[in-house]
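Asker: Build me a structure from this.
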Amino acid sequence: MIFFSRVKTSFILFILFFMSFDLCAQKSENPNSDWTIAVSEFKTEDLPSSYQSYKTIVPEMFLIYMDTGAKRIVPFEEKKMRALMEVSNKKLRLIKERAKLIKDRDDLFLSVEDKKTKDEKEKKLKEEILKKEKDIYAADIDIKIEDTRFFTSGDPKAISLWKHGETLYKIPENSNLGENLKKENISAIIYGSVKDISGYMVITAYLDTGLPGMKVYEFSGAGRYDDVETVVETIARQIYTIIQNTKEVKIFFDVSPKNAKVYIDSKLINDFLKPVILREGVYQVSASAENYVEETKKIELKDKDSYTLKINLKQAETLKIGFNLKSAAPDLFFKSRYSIRIPGIIDLPKTKSILEFEEKGVHTFGFFEPSPDILLSNNVRNMIIKLNKKNIKDSIETQRKILYWSLGAFYISLPITMILKASLDDQIYAFQNRKLPYAQSEVDRINRFGMTQNVFQGITIVLGVNYFIQLIIYLVKTDKALPRKIKPDYAEPVYSEVKTDNDVTINAEENKNEK
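Answerer: Residues are numbered from 1 along each chain as shown. Got it, this is the predicted structure:
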């Protein structure tokens, strides 16, 4: 009998499977439905106070760059996991409902109702429990069917933004991401972080479908805070290569010089002997090496299984300039590496360059643009620059706080003054129209109130003037943070070696961060 029962159960499952297979094979998602992307607010870590707004600015930029109207062919694995998640969630919901019915049945034994009523309720609960058990059994069959179901590739789906990209998605805490995304008809979400590393911005983004077993893709980019648009655009382009299911392409390298640093979409290539796997799409390649001209180029990978990336950097032409600042002897850095201690001579490329001068913790950035007479000169030209006397970064931060407090005080005082002025005008109008007692005491009271209003008005004017003064000071200080132009010393145009009593030897390879 046991054997017969098992055969019967297997036979029923077999019949149900093939009866539903035809339906499942024909069942498909709405061909007009989109593959919807949402973007959530990014986390921030160690960002300066002036850049805290990047937690919303960065994801809002992703919404802009992701709105391209591209299409995606949903892969077999994703379709299968979505179908399995749907039937698994249905089974879990039925199990929870059955558990509640069993609890209600157990609680019925402790109730004070009469036996007839309890028997009727118990009978009804048993019927509902039995029905739930049948539904759970049917859900088990649905899970087996979906697990063995054949999914076709189907037509490409249009990639769209959740709520037309007008708002950021808020990820609920301590909840199932996949279920939450399904409720909002979201196919995948982009979330991530923005953090500060040594004064540079690092953005990390994740593409997550919320489906169990599906890969969560990670993307990252770094740069100056002012380059946020470029960094986000680069990451968005990388995300699209994954979303659009473009095929993989092998990249081999032929690089000269061998010590060059090569970046593909801001990612450093560590080993030129091993091929890199990318996907079809557009990439930005940059290469640099010491004493070579830096090159940047956009490339498009398509219609091939492999490419050889040939990079041959041109050797940079250099010139020599000298610094002999009589009032200071700062250290000079070029490309964040220690070069010389002034007075001294430095080799620079015959192009625009940014230099950094540091003395006693005070930094000054200088902009050098070689003029034709410097390029044609056979002598080492002597250059000068006006150095900062105070730490500009700390000074700007202090002034920014003063500016915010000044604005806050003005905003507090202004509405109070306006309310007092309106109240004073009302009282004068009421007195003139005999709506207030026509007496000297009332006149004295209104005069005292007017004096109070005049005091607040004077305070508001002073606070307003103070705010604009602090704003001007702030703008002047921020202007000092900009690179200053390095100019020729017309008093002593030719650099001459400065003799010192003691020879000083400094490792030219010393890194700025190790000083």
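Asker: ranges for the helices of this protein?
Answerer: 2-26, 54-66, 76-108, 115-148, 177-183, 228-243, 372-376, 392-432, 440-481 (DSSP state H).
Asker: Export the ones you listed to a markdown table and append columns for mean pLDDT and distance to residue 298.
Answerer: For every residue, glycine as well, the C-beta is placed using N, CA and C. Putting these into a markdown table (pLDDT from 0 to 100; distance: least, C-beta to C-beta, whole Å) gives the following:
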| stretch | mean pLDDT | distance to residue 298 |
| --- | --- | --- |
| helix 2-26 | 42 | 44 |
| helix 54-66 | 91 | 16 |
| helix 76-108 | 74 | 30 |
| helix 115-148 | 77 | 43 |
| helix 177-183 | 85 | 34 |
| helix 228-243 | 86 | 10 |
| helix 372-376 | 79 | 31 |
| helix 392-432 | 88 | 35 |
| helix 440-481 | 89 | 32 |
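Asker: Now render those helices as JSON lines, adding distance to residue 255 and mean neighbour count.
Answerer: Output for those, formatted as JSON lines (distance: least, C-beta to C-beta, whole Å; neighbours: other C-beta atoms under 10 Å):
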{"stretch": "helix 2-26", "distance to residue 255": "52", "mean neighbour count": "11"}
{"stretch": "helix 54-66", "distance to residue 255": "30", "mean neighbour count": "19"}
{"stretch": "helix 76-108", "distance to residue 255": "36", "mean neighbour count": "16"}
{"stretch": "helix 115-148", "distance to residue 255": "48", "mean neighbour count": "14"}
{"stretch": "helix 177-183", "distance to residue 255": "42", "mean neighbour count": "16"}
{"stretch": "helix 228-243", "distance to residue 255": "21", "mean neighbour count": "20"}
{"stretch": "helix 372-376", "distance to residue 255": "30", "mean neighbour count": "11"}
{"stretch": "helix 392-432", "distance to residue 255": "37", "mean neighbour count": "14"}
{"stretch": "helix 440-481", "distance to residue 255": "37", "mean neighbour count": "14"}
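Asker: who's in contact with residue 220?
Answerer: Going by C-beta atoms under 8 Å, 6 or more residues apart in numbering, residue 220 touches 202-205, 235, 267.
Asker: Those, buried ones only, as a PyMOL selection?
Answerer: In PyMOL, a selection of the buried entries from these looks like this (16 or more other C-beta atoms under 10 Å):
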select buried, resi 202+203+204+205+235+267
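Asker: Just give me the closest of the contacts of residue 220 to residue 421.
Answerer: For these, the residue nearest residue 421 by C-beta to C-beta is residue 203; the value is 49.0 Å.
Asker: Tell me how far the closest one lies from residue 162.
Answerer: Using C-beta to C-beta, to the nearest Å, residue 203 is found at 21 Å from residue 162.
Asker: Tell me who's in contact with the closest residue to residue 118 other than its chain neighbours.
Answerer: In space, and not counting its chain neighbours, residue 118 is closest to residue 108: 5.8 Å by C-beta to C-beta, 6 or more residues apart in numbering. The contact partners of residue 108, taken as C-beta under 8 Å, 6+ apart, are 118, 121-122, 125.
Asker: now swap in residue 362 and tell me
Answerer: Contacts of residue 362 by C-beta under 8 Å, 6+ apart are 387-392.
Asker: Residue 281 now?
Answerer: Neighbours of residue 281 in contact, by C-beta under 8 Å, 6+ apart: 237, 240-241, 244, 246, 300-302.
Asker: Pipe those residues into CSV and attach distance to residue 432 per row.
Answerer: Below are those laid out as CSV (distance: C-beta to C-beta, whole Å):
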residue, distance to residue 432
237, 71
240, 72
241, 76
244, 76
246, 80
300, 80
301, 83
302, 83
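Asker: Quick check: the farthest pair among the contacts of residue 362?
Answerer: By the measure C-beta to C-beta, 387 and 391 form the most distant pair in those, at 12.0 Å.
Asker: Compare neighbour counts for those two and give me the winner.
Answerer: Ranked by neighbour count (other C-beta atoms under 10 Å), residue 387 and residue 391 place residue 387 first, with 18 against 14.
Asker: Am I right that the more buried one is in contact with residue 356?
Answerer: No - using C-beta atoms under 8 Å, residue 387 makes no contact with residue 356, being 11.1 Å away.
Asker: Just the closest of the contacts of residue 108 to residue 55, please.
Answerer: residue 125 (50.7 Å).
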